[in-house]
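[1] Following is a predicted model, sequence given first.
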Amino acid sequence: MAEKEVKYVEYIKSRFPQLDISNIKFNLSDGKYNDIVIINEESAFKFSRYDWTVAFLENEAKATNLINPYVGIPVPQVEYLDKGVAKYEFMKGTPLFRNEILLWKDNDQNYMAKQIGTFLKQLHAIPLKKAKASGIGEVTTNLSREAFLSEYENIKRKVYPYFDSYVKESVEQIFEPMLENKDFLKFNPAVIHANLTPTHFICDKDLRKINAVIGFGSAGIGDPAYDISILIDSLGETFVKRVGRYYGDMTSLLDRARFYAYFNHLIWAERLADRITTRDFSDFKFQIQASDIMPFGRSQ
């Protein structure tokens, strides 16, 4: 084992001397903020990679304790052990992949959409009074209109040199609704996951069933449309409309969700431009999107 891996195993043994370790798996590359050690396929230990990511583990423990009683799909129990270390209930299964879903029969797609839509409906309905009492705060994605406008100027300054005229016009169309309507980004706050990527749905693909939802480090109080935007970005709006049948009225969220989805692509481009300037690609990773986002104003 590498030095880091030995250090992690020694820590686990010191905290849980009674634990009979028969199987160890390390995941030191997939997560953005943490290294993961899986013991006996029963427990998972997360270790923060950076000082600034410690807060995500603390927040995840608070969020999962809050959310668990309100949702039908299992959410892992999280025990915050020490600064930058947490122990998780290991949830068995594989991530959700859009390309696989779209090959399923119609009934199977609807069943998966029902599970996701019901989970989101339950999550977004958690009483805010309970959420605030749990200690979770607002999500970092709650930017003001002024902050979005500032980012727009940053994008024009940093990224426009790499755009042709067609792409520039496309970006201006993305920001047009916010520029023309001062209330475009107003929302009714709810408890949101804030990072609802396919890797955070743990599934039994044979049964077409979600075994668990994980990855609540960024969860907090925010715009429910942001959760929809992540789904649109990764699973595509065509499938998300199936999800909407079981969520309830998603129509009022769609345009903001589309905006966030487009905006996140632009932020990724801005960060890439920064890396080109600084030549720092130390933690650079490519992303994949569904590229199935409808234009603003389309209700169906």
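    It's in. The structure presented is a predicted model; accordingly, all values stated were derived computationally and were not measured. Residues are numbered from 1 along each chain as shown.
[2] Show me this structure divided up by domain.
    For the chain, automatic domain parsing gives the domain ranges 21-89, 98-278.
[3] How far off centre is the first one?
    Which is domain 21-89. Distance of domain 21-89 from the chain centroid (C-alpha atoms, centre = their mean, to the nearest Å) equals 15 Å.
[4] need the domains of the chain in JSON lines with mean neighbour count, can you?
    In short, each C-beta sits where N, CA and C put it, glycine included. JSON lines is the format used below for these (neighbours: other C-beta atoms under 10 Å):
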{"stretch": "domain 21-89", "mean neighbour count": "17"}
{"stretch": "domain 98-278", "mean neighbour count": "17"}
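[5] Model confidence for the residue nearest to residue 120 when sequence neighbours are not counted, exactly?
    In this structure, residue 120 finds its nearest non-sequential neighbour in residue 247, 5.4 Å apart by C-beta to C-beta, 6 or more residues apart in numbering. On the pLDDT scale, residue 247 is placed at 97.
[6] List the contacts of residue 247.
    Taking C-beta atoms under 8 Å, 6 or more residues apart in numbering, we find residue 247 in contact with 117-118, 120-121.
[7] Which two of the residues you listed have the greatest separation?
    118 and 120 (7.4 Å; C-beta to C-beta).
[8] Which of the helices or strands spans residue 88?
    Element membership for residue 88, per DSSP states H and E: strand 85-89.
[9] likewise residue 210?
    strand 209-213.
[10] and if you look at residue 31?
    Counting by DSSP H and E, residue 31 is part of no helix or strand.
[11] Look up phi and psi at it.
    phi -70, psi 150 (degrees, to the nearest 10).
[12] centroid residue for the protein?
    Taking C-alpha atoms, centre = their mean, the centroid of the chain lies closest to residue 195, which sits 1.1 Å from it.
[13] Would you confirm that that residue contacts residue 230?
    Yes: counting by C-beta atoms under 8 Å, residue 230 is a contact partner of residue 195 at 6.8 Å.
[14] Show me the contacts of residue 247 that map onto helices.
    Counting by DSSP state H, the part of these found in helices is 117-118, 120-121.
[15] Among those residues, which one lies nearest to residue 199?
    residue 120 (16.9 Å).
[16] which residues does that closest one contact?
    Per C-beta under 8 Å, 6+ apart, neighbours of residue 120: 224, 227-228, 243, 247.
[17] who's in contact with residue 159?
    Contacts of residue 159 (C-beta under 8 Å, 6+ apart): 266, 269-270, 273.
[18] And the pLDDT at it?
    According to the prediction, residue 159 has pLDDT 93.
[19] swap in residue 298?
    Looking at residue 298, its pLDDT is 69.
[20] circling back to that earlier point, helices and strands around the strand holding residue 210, which ones?
    helix 106-124, strand 201-204 (3 or more C-beta pairs under 8 Å, 6 or more residues apart in numbering; DSSP states H and E).
[21] Take those and write them to CSV, including distance to residue 58.
    Converted to CSV, those look like this (distance: least, C-beta to C-beta, whole Å):
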stretch, distance to residue 58
helix 106-124, 20
strand 201-204, 22
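[22] mind checking which of those is nearest residue 77?
    Nearest to residue 77, of the helices and strands packed on strand 209-213 and by C-beta to C-beta, is strand 201-204 at 14.2 Å.
[23] Out of the contacts of residue 120, which comes closest to residue 59?
    Of all these, the one with the least separation from residue 59 (C-beta to C-beta) is residue 227, at 16.1 Å.
[24] now the closest one: how far from residue 169?
    Between residue 227 and residue 169 the computed distance is 29 Å (C-beta to C-beta, to the nearest Å).
[25] Quote the end-to-end distance of stretch 135-148.
    27 Å (C-alpha to C-alpha, to the nearest Å).
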